[in-house]
Every structure is written in structure tokens, then in C-alpha cells.
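S.K.: I would like the atomic coordinates for the input below:
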Amino acid sequence: MSNQTVVPEQYDNQLNDKVALLAEQLQRQLPDLTLPVIERFESPKSHYRMRAEFKLWHDGDICYHAMYQQDEYKKPYRVDDFPVAGKLINQLMSTLIDQLNSSELLKRKVFQVEYLTTTTGQALISLIYHKVLDDDWQAAAEQLASDLGVSVIGRSRKQKIVIGRDSVEETLTVNGREFHYQQVETGFTQPNAKVCEKMLSWAQDASTNLSGDLLELYCGNGNFTLPLAQQFERVLATEISKTSVNSALYNLEKNAVDNVTIVRMSSEEFSEAMDGVRPFRRLKEIDLGSYNFSTIFVDPPRAGLDDHTVEIVKGFDNIIYVSCNPETLLSNLKSITETHRIERFAVFDQFPYTHHLECGVNLCRQPSN
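M.R.: The predicted structure is shown next:
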């Protein structure tokens, strides 16, 4: 994580500039399309990240949080407060440093700290070391967890010691309904909880008038799956990460969602299965032919969709595409808009004060001539 300069007075102008730049890219790369007005969803202007990580820099007898400026990885600078991160993280930063500096056992050879927090006040702190963590370290870490009222994880080579839990429980409100999520230390979660709620609400709204069954690729821990499952008869969701699959199954049960089946496989593998290229053991108990798929939802990594998956996506009448990379999204849209028209286009300011924008696109098949 690099430093971000938080200047709330400049937020609106910076977001305006980002949206204007994206609109120019859309017009330039998709010049023949009639595009809808871009919907925009703002972030809180400070204290919006629920996750943060820092170097722990040692200077004589003390250590402190440190970061690097982009492209200056040999010049760390001290960080005592971090307005990008949530208020709970900022509170814990000060208390943790005091505790580390008063305990040689905890401070010695610690080089990184990671914070995972929730809007509901839960917190997990991971401390990463260049040493073996022994029973004495564990006793000190147990006292640290008790003093701070958090879970603590100690990591070293081939070691992971969990004091408390290795996850937190987040609650997100989507169009007036609360959904509860397990978020595991090593699993991916959206860092900006308030913007995440807006993304989930938008995706649910985009599917309001749709019917039949939903196919979801890259479902992660079920972040979008839970609210989208309310809109469809059945959902078949895929995810390659074992950690995320386990969290998704937990979250389905936690929220009493019973119309979702999750398959642990990559989108590329599932695309091959859809095309009948080869059979997959993980689909042995699933009758793909019994699904009445009307809609596909995709939230791919930064690389976007591969060419084969794009062709699979184009086979659906309705597409909801959430992207963390406008460049690969626009590349995919060049192909998808050969057969589909863009009904809605949204931007979500997940990372204020950076060039980054998340996008959401709702497309439907164009009538054939």
C-alpha cells in the first residue's frame, strides 16, 4: 500500500476528473455506441478502508509504522496516523506500537503488520516475523490480544499462530436488508465497506426485472452472491480459491440462502465445461442442462475476461459486469457490445484520491436484424 494524500476539500473535483476521463475513454474506444449517463457512487471522504498493511520499521530501541512512496522502496517514512484507514485502525495503530515497544518478545524481528476490521467494530491484527514464534511469544501475544480486544495472528516461515479467530464478521446493508459475511485474514474482501454496499445495491437493482437462473463467475466469499440470490430462482457460482469457497459456503448458511450451488473451479475451466470441451469431476453431481440461465454476473480480476470466457458471456441474454480495471473492461466491451447494448453504466469510487475507479455495466442482448 502506498501513501495517499487525503484532502477532503478536493474530493469532489478529483472524482469529477476521474469520471470525465473515463467518459472520454468510453467515447474513444466505443465511438459507435449510444452510452447511458454514467451513474456515480461516492466514497466517504476519509476513514474508508477496513483493511490496511504497513511495514514495521526499527530505529534503535523503537519500532513504528512505515510506508514507501510509490517507486521509492528504499526510503520508508514514518506513519503515526492514516486517514485513509477506518477510525478503528487508527486507534489500534497507536495502541499496538505502544505495546510492541514495551515488549521485546513482541517487537523483536517483527517487520510487517496487517489490520482487518469491520464496520461493526471487530478487528484482527496479523504480525509477521523473521523469527520462530515460541511459547513465550504466544503468551505475550495472548496478553496483547486481551489488552487490545482483538484477535491476533502471528506469522513466520511455516508458522501461523491464531489467538482468537482468523476471520472477522462484517454486516453490510443492501437496499435495506442486512447481510452477514465472514471475512478471512488471507481471503479477498472489498476494502471500502460503504462503497461495497453501494456496489451490491446497484447490482441487485440491475437484476430487478430479470428472471430464471443466474450464473456467477469469480464469486469470492459470496459478496455479490448473497444479494443477487434474492433475485433469481437458482444461482450457480464458481470460484477457484479454496479459502473463498469455504467462506462463501459459511456465508450462505449464515444468511439462510438455500438456492445457490458453488463449484470450486476457474472461470476458464467452467467455460470449457459449458462448451463441452471436456468433463470435470467437480461438476459430476451438477446437471448444467437443468438450469434456465438468463443472466451472467462476472467480477473478474484486473486482467479481465479471457477471450473464451468473453464468448461464453455473450451467450447470455443479460450480463452484469463489475470491473476493478476500466482498461480491461473496455477491451472486453468492444467484443461484448457486438451482440449486447449497454443499459446502465456505473462508477464506484472504491479508492478515493487515486486514479482508480471500479465500474459496473448492465448489458442486454440486442434484437437480431
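S.K.: only C-alpha atoms for contact and neighbour calcs from this point on.
M.R.: Noted.
S.K.: In the protein, what residue spans correspond to helices?
M.R.: Along the chain, counting by DSSP state H, helices occupy 11-29, 87-101, 104-107, 135-148, 193-206, 225-229, 242-254, 267-274, 307-313, 326-336.
S.K.: among those, which is the most enclosed?
M.R.: helix 225-229 (a mean of 24; mean count of other CA atoms under 10 Å).
S.K.: Output the contacting helices and strands for that helix.
M.R.: Contact here means 3 or more CA pairs under 8 Å, 6 or more residues apart in numbering; DSSP states H and E; on that basis helix 225-229 packs against helix 193-206.
S.K.: on contacts alone, who are the packing partners of the helix it packs on?
M.R.: Short answer (3+ CA pairs under 8 Å, 6+ apart): helix 193-206 packs on strand 167-174, helix 225-229, strand 340-348, strand 358-365.
S.K.: For the third one, give me every contacting residue.
M.R.: The contact list for strand 340-348, computed with CA atoms under 8 Å, 6 or more residues apart in numbering, reads 19, 35-43, 195, 198-199, 314, 357-366.
S.K.: Show me which of those residues are buried.
M.R.: Buried members of the contacts of strand 340-348, scored by 16 or more other CA atoms under 10 Å, are 19, 35, 38, 40-43, 195, 198-199, 314, 357-365.
S.K.: Tell me how far the spatially most central residue of the chain lies from Asn221.
M.R.: Centroid check for the chain by CA atoms, centre = their mean gives Gln190 as the closest residue, at 2.9 Å. When distance is defined by CA to CA, to the nearest Å, Gln190 is 10 Å away from Asn221.
S.K.: what do you get for Arg40?
M.R.: As judged by CA to CA, Arg40 and Asn221 stand 25 Å apart.
S.K.: Repeat that for Arg108.
M.R.: In terms of CA to CA, Arg108 sits 35 Å off from Asn221.
S.K.: Counting neighbours around each, name which of the two comes out higher.
M.R.: Asn221 (28 against 16; other CA atoms under 10 Å).
S.K.: Could you report the separation of that one from Ser241?
M.R.: From Asn221 over to Ser241 (counting by CA to CA), the distance is 9 Å.
S.K.: before we move on, what about Val298?
M.R.: 16 Å.
S.K.: Can you pick out the residue with more neighbours from these two?
M.R.: For Val298 versus Ser241, the count of surrounding residues by other CA under 10 Å is larger for Val298: 22 against 18.
S.K.: That one: what's it in contact with?
M.R.: Contacts of Val298 (CA under 8 Å, 6+ apart): Glu216, Leu217, Tyr218, Cys219, Ile319, Ile320, Tyr321, Val322.
S.K.: hmm, 6 Å instead?
M.R.: Glu216, Leu217, Tyr321 (CA atoms under 6 Å, 6 or more residues apart in numbering).
S.K.: Go through these and flag which are in strands.
M.R.: Within the contacts of Val298, residues falling in strands by DSSP state E are Glu216, Leu217, Tyr321.
S.K.: Same list (the residues you listed) but as TSV, adding distance to Asn209.
M.R.: Supplementary listing: the ones in strands among the contacts of Val298 in TSV, determined by distance: CA to CA, whole Å:
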residue	distance to Asn209
Glu216	17
Leu217	21
Tyr321	17
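S.K.: any idea which of those is least confident?
M.R.: On pLDDT alone, Leu217 ranks lowest of the ones in strands among the contacts of Val298, at 94.
S.K.: Give the bridge partners for it, please.
M.R.: Val298 (DSSP bridges).
S.K.: so it touches Val235, yeah?
M.R.: No - contact criterion CA atoms under 6 Å: Leu217 and Val235 do not qualify, at 10.6 Å.
S.K.: Can you tell me which of the contacts of Val298 is nearest Asn175?
M.R.: Tyr321 (19.4 Å; CA to CA).
S.K.: if I pick the closest one, what's in contact with it?
M.R.: Going by CA under 6 Å, 6+ apart, Tyr321 touches Phe297, Val298, Gly360, Val361.
S.K.: quick check, nearest of these to Pro31?
M.R.: Val361 (16.8 Å).
S.K.: what's the neighbour count on the nearest residue to that closest one once chain neighbours are set aside?
M.R.: Spatially, and ignoring its direct neighbours in sequence, Val361 is nearest to Phe345 (4.6 Å; CA to CA, 6 or more residues apart in numbering). Phe345: 19 surrounding residues under other CA under 10 Å.
S.K.: Any idea what Phe345 is bridged to?
M.R.: When assigned by DSSP bridges, Phe345 has beta-bridge partners Ile38, Val361.
S.K.: Give me the local confidence score for it.
M.R.: So, for Phe345, pLDDT stands at 97.
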